[in-house]
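A.B. asks: Return a 3D structure for these sequence lines:
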Amino acid sequence: MSYWFVYMLRCADNSLYTGVTTDVERRLGEHNADNSVTKYTRVRQPVSVAYFEEVESRSEACKREAQLKKLTKKQKEAFVLSEKRHG
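C.D. replies: Numbering: from 1, shown residues only. The predicted structure follows:
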């Protein structure tokens, strides 16, 4: 059974990028590559992992990603900070 991850990246401009993947380390490398597949992170490199969580399916991951993307910047920052304290 393969698991999926929802992740948030901290970009060089201090913004947060949210996505889904089956391999967080590989995806981080792709986001930091010169030819990054996402325009958003390509122009905001380097990026680092601020948060990730494991879920059981791609569907679950996409739903969770949508929830996190709806948060305001302030809410996202509070969420990441609270997860660092408890995680």
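
A.B. asks: which ones are touching the closest residue to Leu71 other than its chain neighbours?
C.D. replies: In space, and not counting its chain neighbours, Leu71 is closest to Phe79: 6.6 Å by C-beta to C-beta, 6 or more residues apart in numbering. Using the backbone N, CA and C atoms, a C-beta is placed for each residue, glycine as well. If a contact means C-beta atoms under 8 Å, 6 or more residues apart in numbering, then Phe79 has Tyr51, Leu68, Leu71 as its contacts.

A.B. asks: I'd like the average pLDDT over the longest helix belonging to the chain.
C.D. replies: When the chain is parsed with DSSP state H, its longest helix is helix 73-86. Across helix 73-86, pLDDT averages out at 89.

A.B. asks: cool, and stretch 41-49?
C.D. replies: If you average the pLDDT values across stretch 41-49, you get 96.

A.B. asks: How much space separates Ser59 from Ala50?
C.D. replies: 24 Å (C-beta to C-beta, to the nearest Å).

A.B. asks: Convert stretch 69-87 to CSV, retaining C-alpha atoms only.
C.D. replies: Output in CSV follows, covering the C-alpha atoms of stretch 69-87 (Å, rounded to 0.1, in the frame of the first residue of the first chain):
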residue,chain,number,x,y,z
LYS,A,69,-4.9,26.1,0.9
LYS,A,70,-8.1,27.8,2.1
LEU,A,71,-6.4,29.0,5.2
THR,A,72,-5.2,32.6,5.3
LYS,A,73,-1.4,33.3,5.5
LYS,A,74,-1.8,34.0,9.2
GLN,A,75,-3.7,30.8,9.8
LYS,A,76,-1.1,28.8,7.9
GLU,A,77,1.7,30.3,9.9
ALA,A,78,-0.1,29.5,13.2
PHE,A,79,-0.7,25.9,12.0
VAL,A,80,2.9,25.3,11.0
LEU,A,81,4.1,26.8,14.3
SER,A,82,1.6,24.7,16.4
GLU,A,83,2.7,21.5,14.5
LYS,A,84,6.4,22.2,15.2
ARG,A,85,5.5,22.5,18.9
HIS,A,86,3.4,19.3,19.0
GLY,A,87,5.1,17.3,16.2
